[in-house]
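Predicted model and sequence follow; I will ask about them next.
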Amino acid sequence: MDCQKQSQVIIDDTTLRDGEQTAGVVFSLEEKKRIAQTLDEIGVGELECGIPAMGKEEQASVKALVDLGLEARLITWNRAVISDIQASIDSGVTAVDISLSVSDIHMEHKLGKSRDWVKEQLKTALGFAKQHDLYVSVGGEDASRADLDFLVELMSIARSLGADRFRFCDTLGILDPFTTYDKVKFLADRVALDLEVHTHNDLGMATANAIAGLRAGARFVNTTVNGLGERAGNAALEEVVMALKHACQIDLELDTSRFVELSRLVGQASCRPVPDWKAVVGEKVFSHESGLHTDGVLKFPGNYEGYDAAEVGLTRQMVIGKHSGRHGLQERLASLGIELRRRDLESFLEKVRREAQTQKRPLTDPDLLHLYRVACQAA
């Protein structure tokens, strides 16, 4: 990625829109406010906050978020229909995403319309939005399956009518990072209009595709906290930000130390608990049991940790179990005030491994203390 564009990457988090579209998820207004405020405090630049065309209750919810006076820009999702855009205006936002189907598959099997009809739909909706001085992202639904030359034509129309960016949507999550890169670069090389990538995780590649799109020239990227979203979800905010920082050396200067706090908040509000092994924010992603890894981490964390756990609000955990080694056990016993000679330590390690196998789980501090007392009594 061009170093000059490093500071220009902008996260458009859609937890409050696409995240809430996860089947069965409903956020209360107070939960929406807390999520929005936390995202804003962390430094996320834009929040896609709802669909005002759903009705008065959704409009009131969006208006309540507007009234918070956040630093982040609030943007709403709309069909490319004037009544949808008017509902967003009535909700108080100054930025809208105008979505239209752009693949021949959708045009034939969903809309029953032609490419010319889609172009006229774009002109009418975008013209109305710009008459009302709105910031506009033109959302290309199913762009990943669309004809690229047709996307260039749509982007050129959008640019001529004052659109601020074009959203390239991998609506079905069917792309791989290499194809994503090629498609986004094709568009970036042909139309001078900011690009945004919106990726889904149906094949487990949402984060990788989001990064690929940014590398190809996109400036905006859609995310959701914990990867919530339709079907298998979207690119996870925490994954995209930390991947940019540590895989691409692009620091968006967000307060990532609050990622775990934010993740738990959204997990609770969505009734979707965060798995212990969830990338970046899972409770146990900085856990070490293997003797080789534990020894390496104790000598120098960078041996087996790509970044400091505190960067995302976690702490390292040394797990004592079947695969533990002498150094990890020694460190854990020392924290309990127990010191053993090397020969005794080796003997105790064997007991620890056997007990962990029997219990089929790691040993807790009370387990270790009990095992130690039993060993002392036997001696």
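That came in fine, so what should we check first?

where's Val374 relative to Arg343, distance?
Val374 sits 18 Å away from Arg343, going by CB to CB, to the nearest Å. In this view, the C-beta of every residue, glycine as well, is placed from N, C-alpha and C.

more neighbours, the two?
Val374 (12 against 8; other CB atoms under 10 Å).

Helix or strand: which one has the more buried one?
Counting by DSSP states H and E, the element that carries Val374 is helix 365-378.

List the buried residues of that helix.
For helix 365-378, a neighbour-count test (16 or more other CB atoms under 10 Å) marks Asp367, Leu368, Leu371, Tyr372 as buried.

Dump the residues you listed to a markdown table, plus distance to Ala235 and pLDDT.
Below are the buried residues of helix 365-378 laid out as a markdown table (distance: CB to CB, whole Å; pLDDT from 0 to 100):
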| residue | distance to Ala235 | pLDDT |
| --- | --- | --- |
| Asp367 | 40 | 95 |
| Leu368 | 41 | 96 |
| Leu371 | 45 | 94 |
| Tyr372 | 47 | 92 |
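
Can I get those in CSV including distance to Ala125?
Compiled in CSV, the buried residues of helix 365-378 are given as follows (distance: CB to CB, whole Å):
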residue, distance to Ala125
Asp367, 64
Leu368, 65
Leu371, 69
Tyr372, 71
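
Need the max-distance pair from the residues you listed.
Largest separation among those by CB to CB: Asp367 and Tyr372, giving 9.6 Å.

circling back: just curious, which of the buried residues of helix 365-378 is nearest to Ala143?
Taking the buried residues of helix 365-378 together and measuring to Ala143 by CB to CB, the closest member is Asp367, at 54.1 Å.

returning to that earlier point: quick one: list the elements packing against the helix holding Val374.
With contacts taken as 3 or more CB pairs under 8 Å, 6 or more residues apart in numbering; DSSP states H and E, helix 365-378 sits against helix 326-335, helix 342-359.

Can you tell me which of those is packed in deepest?
helix 326-335 (a mean of 18; mean count of other CB atoms under 10 Å).

what's that one in contact with?
By CB atoms under 8 Å, 6 or more residues apart in numbering, the surrounding residues in contact with helix 326-335 are 288-289, 291, 294-295, 298, 318, 320, 339-340, 342, 345-346, 348-349, 352, 365, 368, 372.

Repeat that for stretch 140-151.
Contacts for stretch 140-151 (CB under 8 Å, 6+ apart): 99-106, 115, 154, 166-172, 174-175, 180, 183, 186-187.

again, but for stretch 51-62
For stretch 51-62, contacts defined as CB under 8 Å, 6+ apart pick out 17, 29, 32, 49-50, 74, 76-79, 81, 83-84, 87-88, 90-93.

contacting residues for the nearest residue to Ser347 once chain neighbours are set aside?
Closest residue to Ser347 apart from its sequence neighbours, by CB to CB, 6 or more residues apart in numbering: Ala375 at 7.9 Å. Contact analysis of Ala375 by CB under 8 Å, 6+ apart lists Ser347, Phe348, Lys351.
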